[in-house]
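Visitor: 3D model of this:
(one chain, ligands or ions: 3)
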Amino acid sequence: MQIRVSSGTPLKLKTPCLIIGVHESARPAPGELELDTHLPGAITRAFRDHEFRGKKGEKLLLHTPDLPAERVLLLGLGPARAQSLDLRRELAGAAAFLQERKLRACTLDLASLPLRQLTLGALAQLAGEAILLAGYRFSRYRTEKSDGVDSKPLQLTLCVPRRDQIKEAATGAAAAEAICRGVFLARDLVNEPGNAKSPEELARRARVLAEETGLDCTILDRRELEEEGFGALLGVAQGSVREPRLIVLHYRGAEETEPPIALVGKGVVFDAGGISLKPAEKMDEMKMDMAGGAAVLGTLAAAARLRLPVNLVGLVPAVENLPSGSAIRPGDILTSLSGKTIEVLNTDAEGRLILADTLTYAKRFAPRALIDLATLTGACIIALGHEASAVLGNHDGLVQALRNAGERCGERLWPLPLWEEHGKLLKSEVADLKNTAGRPAGTITAAAFLQVFAEGCPWAHLDIAGTAWEGKGAPGRPPGGTGVGVRLLVEYLRENPRLGKK
Ligand code: BES
Ligand code: MN
Ligand code: ZN
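Guide: Ligands and ions are numbered 1, 2, ... in the order given. Have a look, this model is predicted:
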């Protein structure tokens, strides 16, 4: 994956393709005019003839026999006040464009990218991420590898003007690589079909990852979960012949005395809905119901590779939700690890059941913050679509810090309220609470359910149902698992804010 960094004027660089960012304007900027003299006049003519003016999404690919670079790609970035998210999108679009043309390598002129509010290191990281992430394909099960899109990622070189800038850019590029490896791991796991990822197999992969990256790994099997009293988790798991596991990973990057941050990710390897069976249409996509768990694994791996100065506990309850003669029924009552009893009105609201027990368990590590990620509710897609994950919690400072991290890294979060009244909707006639309150405010009532089990700890919940999966695929957004959550959490952890009381 190795991103290279070089310094000097990009016009002297030998590369199959030099990418230059261009802002929207009526005529070429001075830097572009200098390039124009080597072309000769091609850029001026393209502007004059309205073929290229630097608008978002515009690309002009020029062959450049008089330059060391074989080609130059002028990349439209839109208006000069463009946001970092726009820049990520355009760079991803450029990567997709070059890969469609089977180019193997490119050099990006970092000085042509405008974001003055970013340090050079942050800009190098942003560019590296955007281009690497766009090049991802899940081709493990293709016996014929060529499908028009080259599956080999682009070899990226970042070019900075001065030698003394190389170090900072290289540090940013190295961060991008570590983070993208975490994202790719999460995408790979999400994209694996259900038959290839039993809870046991997911646990095995976690153990391999732990070995590779120096994490501590403990796996609780069914017997141990029974002994501990994970009644809600085991209730979900009992419909499948594939036994559940609880994956527990530790990353120790700070003093032993420093309380950890606990990350919990929903790990339903396939969600058929159980006896409350889902409709057949698109049920295949429910292999992605472990995307929260995948994000936790990817984040711990990235944190370890980046040597972040924090302590982390990663917890992934891995189960399968199937209908069968041994499955839980609507109306069944389960006793959770917390001791609270739960009436299961809908077996398809299984995520909150396994998370309830895992949140309870997470509190044993006395975390200073507890963050869960889950593809929890279809209602979240209705509320926010696919552009943002929902964030809810019991601690405003934590929610705000996560939102800020989301803005910086381009994985947006949007808040929903969590009021006492929502919690009241979960009252049951026969048990301490019921697992659904019907359709109204579905994302909120799911979070209100979790809140009961996170009680006593600063906690935030991210509903990633709308962001974890890319259906059709778009330029720079390969179809399948997105790996959402990894970049967000790493960004949050790098900032590592100390939380106040509320
Ligand atoms: N895994 C689903 C939520 C989901 C739906 C994620 C679509 C991604 C795309 C979850 O387990 C579920 O089935 N939730 C139910 C809850 C309902 C029964 C209260 C839902 O959203 O319909
Ligand atoms: Mn479900
Ligand atoms: Zn589910």
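Visitor: what domains does the record give for this protein?
Guide: 3-161, 181-495 (automatic domain parsing).
Visitor: how about those domains, which one is nearest residue 501?
Guide: If you check each of the domains of the chain against residue 501 by C-beta to C-beta, domain 181-495 wins as the nearest, at 8.3 Å. (C-beta placed from N, C-alpha, C; glycine too.)
Visitor: Of all the domains of the chain, which one is nearest residue 172?
Guide: Among these, domain 3-161 sits nearest to residue 172 (C-beta to C-beta), with 3.3 Å.
Visitor: for this protein, what are the low-confidence residue spans?
Guide: 1, 145-151, 502 (pLDDT under 70).
Visitor: near ligand 1, which residues of it?
Guide: 271, 289, 346, 348-351, 375-379, 436, 442, 465 (C-beta under 6 Å from any ligand atom).
Visitor: Smallest gap between the stretch 151-300 of the chain and ligand 2, at which residue?
Guide: Residue nearest to ligand 2 within the stretch 151-300 of the chain: residue 271 (4.4 Å; C-beta to the ion).
Visitor: For burial, what's the neighbour tally of the closest residue to residue 479 other than its chain neighbours?
Guide: Setting aside the residues directly before and after it, residue 479 is nearest to residue 473 in space (C-beta to C-beta, 6 or more residues apart in numbering), at 3.3 Å. Neighbour count of residue 473, defined by other C-beta atoms under 10 Å: 13.
Visitor: just residue 27 next, same as before
Guide: For residue 27, using other C-beta under 10 Å, the count is 11.
Visitor: Check the one 5 residues further on too.
Guide: Residue 32 has 21 neighbours, counted by other C-beta under 10 Å.
Visitor: Please identify which helix or strand holds it.
Guide: helix 30-38 (DSSP states H and E).
Visitor: Using PDB, write down the CA coordinates of the helix or strand just after that helix.
Guide: As assigned by DSSP H and E, the chain's next helix or strand after helix 30-38 is helix 42-48. C-alpha atoms of helix 42-48 as PDB (Å, rounded to 0.1, in the frame of the first residue of the first chain):
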ATOM      1  CA  ALA A  42      -3.900  23.300 -24.200                       C
ATOM      2  CA  ILE A  43      -5.100  24.500 -20.800                       C
ATOM      3  CA  THR A  44      -5.900  28.000 -22.100                       C
ATOM      4  CA  ARG A  45      -7.900  26.600 -25.000                       C
ATOM      5  CA  ALA A  46      -9.800  24.200 -22.700                       C
ATOM      6  CA  PHE A  47     -10.800  27.100 -20.500                       C
ATOM      7  CA  ARG A  48     -11.700  29.300 -23.500                       C
END
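Visitor: Can you give the contact residues for helix 42-48?
Guide: For helix 42-48, the surrounding residues in contact (C-beta atoms under 8 Å, 6 or more residues apart in numbering) are 26-28, 32-33, 35-36, 51-53, 60, 62, 74.
Visitor: Out of those residues, who's the most crowded?
Guide: In terms of neighbours by other C-beta under 10 Å, the contacts of helix 42-48 top out with residue 74 at 26 neighbours.
Visitor: And what about the residue nearest to that one when sequence neighbours are not counted, helix, strand or coil?
Guide: Counting by C-beta to C-beta, 6+ apart, the nearest residue to residue 74 once its immediate chain neighbours are dropped is residue 60, at 4.2 Å. Three-state secondary structure (criterion: DSSP: H, G, I helix; E, B strand; the rest coil) places residue 60 in strand.
Visitor: Which residues lie in contact with residue 60 in this structure?
Guide: 43, 46, 51, 52, 73, 74.
Visitor: how about these, which pair is most distant?
Guide: 51 and 73 (13.9 Å).
Visitor: Only alpha carbons, please: show stretch 230-239 as CSV.
Guide: C-alpha atoms of stretch 230-239 as CSV (Å, rounded to 0.1, in the frame of the first residue of the first chain):
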residue,chain,number,x,y,z
PHE,A,230,-25.4,-13.5,29.1
GLY,A,231,-29.1,-14.4,28.8
ALA,A,232,-30.1,-11.8,26.2
LEU,A,233,-27.2,-12.6,23.9
LEU,A,234,-27.7,-16.4,24.3
GLY,A,235,-31.4,-15.9,23.6
VAL,A,236,-30.6,-14.4,20.2
ALA,A,237,-28.0,-17.1,19.4
GLN,A,238,-30.1,-20.1,20.2
GLY,A,239,-31.8,-20.2,16.8
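Visitor: Touching it from outside, list them.
Guide: For stretch 230-239, using C-beta under 8 Å, 6+ apart, the contacting residues are 199, 222, 225-226, 243-244, 246, 268, 274-275, 317, 319-324, 326-328, 332, 334-337, 342, 344, 347, 350, 353-354, 356-358, 361.
Visitor: Contact partners for residue 294?
Guide: Per C-beta under 8 Å, 6+ apart, neighbours of residue 294: 185, 186, 187, 189, 190, 265, 267, 481, 483.
Visitor: I'd say the fourth one and residue 486 touch.
Guide: No - Residue 189 is not in contact with residue 486 according to C-beta atoms under 8 Å; the separation is 11.2 Å.
Visitor: Which one's more surrounded, these two?
Guide: Neighbour totals were compared for residue 189 and residue 486, and residue 486 leads with 31 against 28 (other C-beta under 10 Å).
Visitor: measure the more buried one to residue 182 for me?
Guide: 5 Å (C-beta to C-beta, to the nearest Å).
Visitor: most packed of the domains of the chain?
Guide: Most buried of the domains of the chain, by mean neighbour count (mean count of other C-beta atoms under 10 Å): domain 181-495, with a mean of 21.
Visitor: Cheers, nothing more for now.
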